[in-house]
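Asks: Sequence and predicted model, in that order:
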Amino acid sequence: MLHNSRIAVLEAQVTDLTGQVTTLQSQLAEVTQGRDAAQTQLAQANASLETLRADLAAAQTARQAAEATAATAQASITEQVTARLAAAGVDPVDHDPAAKTENPNPHAGLSGLAKARALLQEKQPKK
């Protein structure tokens, strides 16, 4: 009888351990599924990161191209203005946005009599 009771105890332990193994296998399957989902999300995040990096590089390239175009346009405008001033017989001046717009020598190019008249006209009180 002792032998039969020992067998019954061992069978009960086997049944209990079998249940524990089934529970652990189920938990392992859940963990594996969670890991697989996390790896999928990580792959998607990495793909999004690479897309953003490519977009950033494209935007930087476009900005550099726009800056180069703007510099070329500015140089072309300066060249055209200089050419037009030279064609009109005016000395070309460097473009300086900080420079005053007033002519520092308004009487340049005037003859002696015309210069004297201009100076007298400036000194007369304005009405």
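Replies: Yep, that arrived.
Asks: from here on, contacts and neighbour counts on C-alpha atoms
Replies: Will do.
Asks: show me where pLDDT drops low in this protein?
Replies: Within the chain, the ranges that satisfy pLDDT under 70 run 1, 91-109, 126-127.
Asks: cutoff 50 now
Replies: Where the chain drops to pLDDT under 50, the residues are 95-99.
Asks: can you pull out the helices in it?
Replies: For the chain, helices defined by DSSP state H occupy the ranges 2-87, 112-123.
Asks: Can you lay out the ones you listed as JSON lines showing mean neighbour count?
Replies: Shown next, in JSON lines, are the helices of the chain (neighbours: other CA atoms under 10 Å):
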{"stretch": "helix 2-87", "mean neighbour count": "12"}
{"stretch": "helix 112-123", "mean neighbour count": "11"}
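Asks: Need the phi and psi values for residue 111.
Replies: phi -80, psi 170 (degrees, to the nearest 10).
Asks: That should have said residue 88, apologies.
Replies: phi -80, psi 0.
Asks: Can you report how many residues lie near it?
Replies: Residue 88: 10 surrounding residues under other CA atoms under 10 Å.
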